[in-house]
Each structure stands twice: as structure tokens, then as C-alpha cells.
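Colleague: what would the 3D arrangement of this be:
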Amino acid sequence: MIKRVVKWVGVLAFVLVLAAFGYGSFVTSRLAEYQAELKGRMAAARAETGEAERLTQPQDLRVVLDERFLNDIFGATAGLEIRARGGHDLQVEKVEVHLDRGFLHIEAEGVFSAFGGLYVTPVKASYLGFARIGENGHCILESRLDQVRADRVPLISPKWVESWMTLKLQRALKFPELPIPVTLEPNLSLPEMTKFVPKRNLNLRIPARTVQLELTAPWVAIEPGYLVIGVERIQLADREAPSETTTALGAPDLTPGSAQVAVRFGLISAMLDELVEPEVDLYLQSDRIPRVWRKEKKILGVTTKAELDLVGVDGSLDIQRARLGVASGELWVDLEAGGKVTGVASGDLFGLALNKEFAAEPRVNERVPVEITERDGFLELGFAKKEFDLDLKVETSILDRDVSIHHELEISPRFLLRTFSLDHWIEREIMIPTVVRNKRVQGYKKVAMSLSWSAQLPQAAQDHLSLMGTLAIGGLQEVAKPEGG
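Modeller: Residues are numbered from 1 along each chain as shown. Now for the predicted structure:
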């Protein structure tokens, strides 16, 4: 009886050894196929980066992110939890990236758990990151696992175990796609703006605007030290391509932890001109603008007063021309605007009641100095002039005498001429995955970023406005969690 049991145990052990050997051979074979595929992907990425030496060719837009800049962002993936069926789990504790020609090396440290916690070991996983531009214009980093190194390996072949872990991590515990904070969104949308001016009891409203762009030949390149995203040509939708040529850009020159945005100056001018294309750029409304005109006069020794209000004021302004110019390190806008404002001039003129309708046609035609300023963490065109004066002319008659009354209505340049962010190509918030279960992202954290910018002005319209920004990571906010997580 004992001999028979020993015999069957031996047979079972032999079968298990054969099965283990067969599965080990299968794992080794699959890993070899996977590594061959990965090498092909690496070669293609290197070739694409070096194609036509695009880094120094003329581009309408080029965004460059430094390696430390990317490390600061992707370091926020620390704490990522990836789970799969079968009790397999990867807890990411630290992430570092290093840039190579064509791709990124992503070094992740964490803890790998298998079979519901029966096998737990610290691991170092090396991923290769490949950048691409999504259909919506957002830039994405897709990763593929290169190799895994485990600290604790069972008393069997360490190479076999690490091969199995490599396949398991890539197939079931795949690293999620990460956002690169660069957007090539073809539509620049600016919301409606409203403002109440208490001094004049005046309501201002700027309609919402959308500028549609057509991007030709966007591309991504990765070189040691930096990642580059460029667009060969950008033009306004349904418009002819710009006639001016674009100046070629030199090789990127960044300080650690910085980003650089170079955009063709003529494109900025065209976008500004497009914003004012509709017929109405500003609406004005007031129930009553008090005391727009006051005078005192003595008649037969008696002091009499005259006061005039504007009642039921309603009007609009149209900017017919807003052309951005540059020369000798100075910026300006040639601004031409006109409109119509109606209402009722109401008041007491030296004892005589007045209620007379008026229709004024204010105009602005001047060259306005412009500077690049920071507002709410973004760069935009700011006007050296604090306000524009709109002449509301009221003509009436008093005692058979024609009287012309002028009231200068002050309007902030920000409301007369709508501007936009010059650095909107770099996003200020990105969503980093925090929880992945069965290949589906179920939790995120919002990473807020701010940049301190410096600007280098172009010499001519075909040159580039160059912006250099240093990154600071703000607060991290959990914005979604899985049920029961």
C-alpha cells in the first residue's frame, strides 16, 4: 500500500514538474515575442523623432518640456494602485522619468502582490513611454513594460519568475495612460464677460467668442533632456493660408524644470483680428447714468443749477480693426472702433425740464501700446492705457440756443478689446490616475500647475514670440474614488 502511494506521488510530482517546465517555456516564449515587438516600437519611435530634423525647421508653434519639468508632473503618480482579477496588485510608491531619443524611460518602484497576498515583494519596474497626440488635441503618454526586478523571489528560477511578472504586469496590471500638459485643441473658446461699473451705474457685456484653428502636421519628438511638440502650420479655419514665411527655430535651450512656448507672432495677430470679426464686440446698458453734466449760473443775482442724467442708455460697439504690431522691442495695437448709443437726456436746465432722446456715435481710432502681462496665472496682452474715453454727445436747445453736451464714458481696454491667453497651449490642470481596477481607471487626482513666465519679443511678424516658464506644482486634489475604495 505504501509503495503504491509513493508511486502515485512520484507520478504526480513528475507531472507537476513537466507542467511547470512547459509553462515556463511558454512564458519564456511569450516574453521573447513581447520583447521583439517592444524593440520594433523603440526603433520606430527613434526613426520618427529624427525624421527630417523637425526640431530646427520652421514651425508656427513649438512647445518644449524639460526632463525635470516632466519628473515634477509624473512624480504625482506616486500612490497609484493597480489591481487585477486573481488577487494581483501593484502599489506604486515612486516614479522617475529619463528621456531618450524617441521615448521615455519610466522607473517605478513599488510593491507587487500576487494570489491574494500569498506572494508579496518589492519591485522595480522599468517602462518605456511613447508620446502621441490624441484626436481631441490633448497629448498622451502611453507606456509599455520593459522589465521587472523583484527583491524576493521563491526558491525557483528567478529569471522565470521575473519573466512571468513582466507578462502579468503588462497584460493585467498595465500602467495607465498619463496626460502630457500640452493641448493642441483647435478651438479657442472665450466665455461671455460681464461687468458692472458702479461709478457710472453701467453694465458691460462682451459676447462669448470662439476662434477655430486648422493645424497642419502636428508632431511629437523626444530627445535626451526634453520633449517637443510642434505644429508646422496653423491658420484660421475657412481662411487662406498666411502669406508670410515662418522663421526657423534653433535647438531648444531650457533651464532645468522649465517649459518653452514659441508661437509665430503673425498667428497671434490673426487670432486677435478674428476675435473682433463679429459685428458687435461690446454691449452697454444703464437705467440711469447720473450727473453727466452739471453747471451753475447766476440769473438776476439768483444762482440756478443745471443737472443732466442719461436715462435708458442702450448701445453697442464694433471693433472694425485690431492689428497687432511689433518693432524695436515694442508692441502695439492699431485699434479702430465705432458704435451707437441711444437713450434719453433727462434733467433740469436752469429751471427748465428736459427730456430729449439722443443718439451718439462714439469712435476710437488710435495706436495703443501693449505689453505682455500675467493675469490669473496666464499670460495675455495688456494695455498700457488704463481706459478709453467714449464720447457720448447730446445735442439739444435751451431758450432757442443750440447746446452740445459731451460726456466721456470711460471703458477699460480689457472690455473694449478682448484678448486671450498667449500660453494656453500648456494646460494648468491635469488628471492623474490613482486607482486602476481590471484595466479601468476608477480614481483620479487633480494636479494644479502654475508657471512663472518671461517673454522674448520678436523682431518681425514672421518671427516667434518666445515664452519661458518655470513650473510649480500646486495642491493635489482627489476628484473621484471607486465605490467602497
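
Colleague: and Lys446, how many residues sit next to it?
Modeller: 16 (other C-beta atoms under 10 Å). Glycine gets a C-beta too; all of them are placed from N, C-alpha and C.

Colleague: quick one: it and Glu429 touch, right?
Modeller: Yes - look at Lys446 against Glu429 with C-beta atoms under 8 Å: they come within range, at 5.7 Å.

Colleague: low-confidence regions, the protein specifically.
Modeller: 1-29, 31, 50-56, 152-170, 172, 241-245, 298-304, 350-351, 396-401, 474-485 (pLDDT under 70).

Colleague: neighbouring strands of the longest strand seen in it in the sheet, and parallel or not?
Modeller: The single longest strand within the chain, with elements called by DSSP state E, is strand 302-327. Strand pairing for strand 302-327, using DSSP bridges, gives strand 282-299 (antiparallel), strand 330-349 (antiparallel).

Colleague: in space, what's closest to Gly315 - neighbours in sequence excluded?
Modeller: For Gly315, ignoring the flanking residues on the chain, the nearest one in space by C-beta to C-beta, 6 or more residues apart in numbering is Val341 at 3.1 Å.

Colleague: the one you found: neighbour count?
Modeller: Count around Val341 with other C-beta under 10 Å applied: 23.

Colleague: that one and Arg363, how far apart?
Modeller: The spacing between Val341 and Arg363, counted by C-beta to C-beta, to the nearest Å, is 11 Å.

Colleague: Gly87 against Val120, yeah?
Modeller: No - between Gly87 and Val120 there is no contact, the gap being 10.9 Å when judged by C-beta under 8 Å.

Colleague: now for those two: what residues contact both?
Modeller: With contacts defined as C-beta atoms under 8 Å, 6 or more residues apart in numbering, the residues shared by Gly87 and Val120 are 113-114.

Colleague: spatially speaking, which residue is in the middle of the protein?
Modeller: Glu427 (2.6 Å; C-alpha atoms, centre = their mean).

Colleague: ok, back up a step: tell me which of the strands paired with strand 302-327 sits most buried.
Modeller: Of these, the one with the most neighbours on average (mean count of other C-beta atoms under 10 Å) is strand 330-349, at a mean of 18.

Colleague: what's the next helix or strand along the chain from that one in contact with?
Modeller: Note on strand 330-349: by DSSP states H and E, the next helix or strand toward the C-terminus is strand 352-360. Identification of contacts with strand 352-360 by C-beta under 8 Å, 6+ apart yields 308, 310, 315, 340-348, 391-396, 398-399.

Colleague: now strand 352-360 - C-alpha only, PDB.
Modeller: Extracted as PDB, the C-alpha positions of strand 352-360 are listed here (Å, rounded to 0.1, in the frame of the first residue of the first chain):
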ATOM      1  CA  LEU A 352     -36.400 124.100 -17.400                       C
ATOM      2  CA  ALA A 353     -37.300 120.400 -17.500                       C
ATOM      3  CA  LEU A 354     -35.600 118.500 -20.300                       C
ATOM      4  CA  ASN A 355     -36.300 115.000 -21.700                       C
ATOM      5  CA  LYS A 356     -34.800 114.600 -25.100                       C
ATOM      6  CA  GLU A 357     -33.800 111.500 -26.900                       C
ATOM      7  CA  PHE A 358     -30.200 111.300 -28.100                       C
ATOM      8  CA  ALA A 359     -28.200 109.000 -30.400                       C
ATOM      9  CA  ALA A 360     -24.400 109.200 -30.000                       C
END
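
Colleague: neighbouring strands of whatever helix or strand comes next after that strand in the sheet, and parallel or not?
Modeller: Next helix or strand after strand 352-360 toward the C-terminus (DSSP H and E): strand 363-375. Sheet pairing of strand 363-375 (DSSP bridges) gives strand 330-349 (antiparallel), strand 378-383 (antiparallel).

Colleague: which one of those strands lies closest to Glu177?
Modeller: Taking C-beta to C-beta, strand 378-383 is the member of those nearest to Glu177, at 26.2 Å.

Colleague: quick check: buried residues in the next helix-or-strand element following that closest one?
Modeller: Next helix or strand after strand 378-383 toward the C-terminus (DSSP H and E): strand 388-398. Buried residues in strand 388-398, counted by 16 or more other C-beta atoms under 10 Å: 388, 390, 392, 394, 396.

Colleague: what is the most widely separated pair among those residues?
Modeller: For those, and using C-beta to C-beta, no pair is farther apart than Phe388 and Thr396, which are 25.5 Å apart.

Colleague: can I get the strands paired with strand 363-375 in TSV with distance to Phe265?
Modeller: As requested, the strands paired with strand 363-375 are exported to TSV (distance: least, C-beta to C-beta, whole Å):
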stretch	distance to Phe265
strand 330-349	9
strand 378-383	12
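
Colleague: Met271 belongs to a strand?
Modeller: No - read with DSSP: H, G, I helix; E, B strand; the rest coil, Met271 is helix and lies in no strand.

Colleague: quick one on the thing from earlier: want to throw the strands paired with strand 302-327 into a markdown table with distance to Gln320?
Modeller: Output for the strands paired with strand 302-327, formatted as a markdown table (distance: least, C-beta to C-beta, whole Å):
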| stretch | distance to Gln320 |
| --- | --- |
| strand 282-299 | 13 |
| strand 330-349 | 5 |
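
Colleague: of all those strands, which one is nearest Pro186?
Modeller: Once the strands paired with strand 302-327 are compared by C-beta to C-beta, strand 330-349 is nearest, at 24.9 Å.

Colleague: next, the angle strand 388-398 makes with the closest one.
Modeller: On the basis of axes from the mean of the first three to the mean of the last three C-alpha atoms, to 10 degrees, strand 330-349 is oriented at 20 degrees to strand 388-398.

Colleague: for strand 330-349, the distance to its chain's centre please.
Modeller: When distances are taken as C-alpha atoms, centre = their mean, to the nearest Å, strand 330-349 is centred 35 Å away from the chain's centroid.

Colleague: so it versus strand 352-360, what angle?
Modeller: Using the same axes, to 10 degrees: strand 330-349 against strand 352-360 is 150 degrees.

Colleague: CA atoms of strand 330-349 as PDB?
Modeller: What follows is strand 330-349, C-alpha atoms only, in PDB (Å, rounded to 0.1, in the frame of the first residue of the first chain):
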ATOM      1  CA  GLU A 330       7.800  97.300 -28.600                       C
ATOM      2  CA  LEU A 331       4.200  96.000 -29.100                       C
ATOM      3  CA  TRP A 332       1.100  97.900 -30.100                       C
ATOM      4  CA  VAL A 333      -2.400  97.500 -31.400                       C
ATOM      5  CA  ASP A 334      -3.800  99.700 -34.200                       C
ATOM      6  CA  LEU A 335      -7.400 100.000 -32.900                       C
ATOM      7  CA  GLU A 336     -10.400 101.300 -34.800                       C
ATOM      8  CA  ALA A 337     -13.900 101.000 -33.300                       C
ATOM      9  CA  GLY A 338     -17.300 102.600 -33.600                       C
ATOM     10  CA  GLY A 339     -20.800 102.100 -32.400                       C
ATOM     11  CA  LYS A 340     -24.100 103.700 -31.500                       C
ATOM     12  CA  VAL A 341     -25.500 104.500 -28.100                       C
ATOM     13  CA  THR A 342     -29.100 105.700 -27.600                       C
ATOM     14  CA  GLY A 343     -31.100 107.000 -24.600                       C
ATOM     15  CA  VAL A 344     -32.800 110.000 -23.100                       C
ATOM     16  CA  ALA A 345     -31.100 113.100 -21.700                       C
ATOM     17  CA  SER A 346     -33.200 114.000 -18.700                       C
ATOM     18  CA  GLY A 347     -32.800 116.700 -16.100                       C
ATOM     19  CA  ASP A 348     -33.300 120.300 -15.000                       C
ATOM     20  CA  LEU A 349     -31.600 123.000 -17.100                       C
END
